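Undergrad: I would like the atomic coordinates for the input below:
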Amino acid sequence: MRTFILTAAVLIMSTATFAQDKATPAPTTPPVSMKTADDITDAQRKLSGELKNTLGLNEQLIRAAKTRASELKPEDAEKFVKTVESLTAIQTGLNEQLDLVNKATPGTSKEIFTKAMDVNTASSEQLAGFKKELMPEGK
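TA: Residues are numbered from 1 along each chain as shown. Alright, predicted model coming up:
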């Protein structure tokens, strides 16, 4: 009788172990929310870098405008003073977008990133015009 019970117990345990071997392995991919968080972080880094590049060009143009203004008579320098004011306004807008991008959450990221890309594109176009004026090619 004892042998029969032990045999039955071993048989039951081995079937449970055998069934576990055929089970599908646990997925190794991260959960969907984790992928989304990683995607958002990657997008934040990329967009942040683009905004910082635009800010860098803006700072160069501000320095160039200030230098040009200091080289001229006060009445002639007024044009460059206004250029510095315009560039400072662009810089403020870019910094605001950079702060928003860095604080974006999964719920707000789409709207924030879209607006930041639009602001960056518009700012880059404006800066291209200022660059032609302040840093002509060949000089």
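Undergrad: which residues of the protein fall in helices?
TA: Along the chain, counting by DSSP state H, helices occupy 2-21, 32-71, 74-102, 109-134.
Undergrad: Now do the second one: distance to the chain's middle.
TA: The reference is to helix 32-71. Relative to its chain's centre, helix 32-71 lies at 9 Å (Cα atoms, centre = their mean, to the nearest Å).
Undergrad: again, but for the last one
TA: In terms of Cα atoms, centre = their mean, the centre of helix 109-134 is found 15 Å from the chain centre.
Undergrad: Take the helices of the chain and lay them out in TSV including mean pLDDT and mean neighbour count.
TA: From N, CA and C alone the C-beta is placed, and that goes for glycine too. TSV is the format used below for those (pLDDT from 0 to 100; neighbours: other Cβ atoms under 10 Å):
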stretch	mean pLDDT	mean neighbour count
helix 2-21	58	9
helix 32-71	88	15
helix 74-102	93	15
helix 109-134	94	16
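Undergrad: Grab the nearest non-local neighbour of the residue nearest the centre of the chain.
TA: By Cα atoms, centre = their mean, the chain has its centre lying nearest to Gln44, at 2.0 Å. With sequence-adjacent residues excluded and distances taken as Cβ to Cβ, 6 or more residues apart in numbering, Gln44 is closest to Val101, at 5.8 Å.
Undergrad: which residues does the one you found contact?
TA: When contacts are counted by Cβ atoms under 8 Å, 6 or more residues apart in numbering, Val101 touches 44, 47-48, 51, 112-113, 116.
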